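Peer 1: Provided below are the primary sequence and the corresponding predicted coordinates.
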Amino acid sequence: MVLKLEYDRSLHGKEHEAGPFTITPELVQAFNRSIGETNPLCTDVKAAKAAGYGNIVAPPTLCTIFVRRVELPDIRLQFGRLRFHAGQRVQPRLPVVAGDTLTASSHLKEVYPKTGRSGTMVFIVWETTFRNQDGQVVADVQESFAVRE
């Protein structure tokens, strides 16, 4: 039996924007401390400048702290009662450097069912693209949420 998913399909490809997010040296250093980052490019301005960067470089996962600031609509999925975060993938594209200003644009990427030993779950996947002040894509963050009965 194929599960027919009922949800607001008009949300596919519709962009939801957020920002700007200013990347300060203090933000990068606080994030470094929270994840235990010790790379000199991320922690030492002199090392970063010697490597050709204008300031310290943010760890590639920094964009994940901004994903929650994008207001995403309810897709009105007609399935299940229990919803939870099912995973996250970060694809860095270009370095994010202290002094950059980022914007985010999220869209509904896919909604699909998957049946396993514990029953059927529906996965909702959102993709967020981050751009710097020059319009360059610096990272893509994909988040999955699972819904089950």
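Peer 2: Arrived safely.
Peer 1: C-alpha from now on. contacts and neighbour counts both.
Peer 2: Noted.
Peer 1: residue contacts, residue 87?
Peer 2: Applying C-alpha atoms under 8 Å, 6 or more residues apart in numbering, we find residue 87 in contact with 143-145.
Peer 1: Quick one: distance of stretch 127-140 to the chain centre.
Peer 2: Remark: stretch 127-140 is offset 11 Å from the chain centroid, using C-alpha atoms, centre = their mean, to the nearest Å.
Peer 1: oh sorry, the question was meant for stretch 94-101
Peer 2: Computed by C-alpha atoms, centre = their mean, the chain-centroid distance of stretch 94-101 equals 16 Å.
Peer 1: buried sites along it?
Peer 2: Neighbour-count burial for stretch 94-101 flags 95-98, 100-101 (criterion: 16 or more other C-alpha atoms under 10 Å).
Peer 1: about what we covered before: with respect to residue 27, which of the contacts of residue 87 is nearest?
Peer 2: Closest to residue 27 out of those is residue 143 (22.5 Å), distances taken as C-alpha to C-alpha.
Peer 1: what sits up against the longest helix belonging to the chain?
Peer 2: Ranked by residue count under DSSP state H, the longest helix found in the chain is helix 25-35. Residues from elsewhere that reach helix 25-35 (C-alpha under 8 Å, 6+ apart): 38, 42-43, 55-59, 62, 98-99.
Peer 1: I'd like these written out as CSV, with distance to residue 8 and pLDDT added.
Peer 2: CSV is the format used below for the contacts of helix 25-35 (distance: C-alpha to C-alpha, whole Å; pLDDT from 0 to 100):
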residue, distance to residue 8, pLDDT
38, 44, 97
42, 42, 97
43, 44, 97
55, 43, 98
56, 42, 98
57, 39, 98
58, 36, 98
59, 35, 97
62, 31, 97
98, 39, 98
99, 38, 98
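Peer 1: still on that earlier bit, tell me the most packed of the contacts of residue 87, by neighbour count.
Peer 2: Neighbour counts for these (other C-alpha atoms under 10 Å) peak at residue 143, which has 21 neighbours.
Peer 1: so who does that one touch?
Peer 2: Neighbours of residue 143 in contact, by C-alpha under 8 Å, 6+ apart: 85-89, 125-127.
Peer 1: What's the per-residue pLDDT of it here?
Peer 2: pLDDT, the model's per-residue confidence, is 96 for residue 143.
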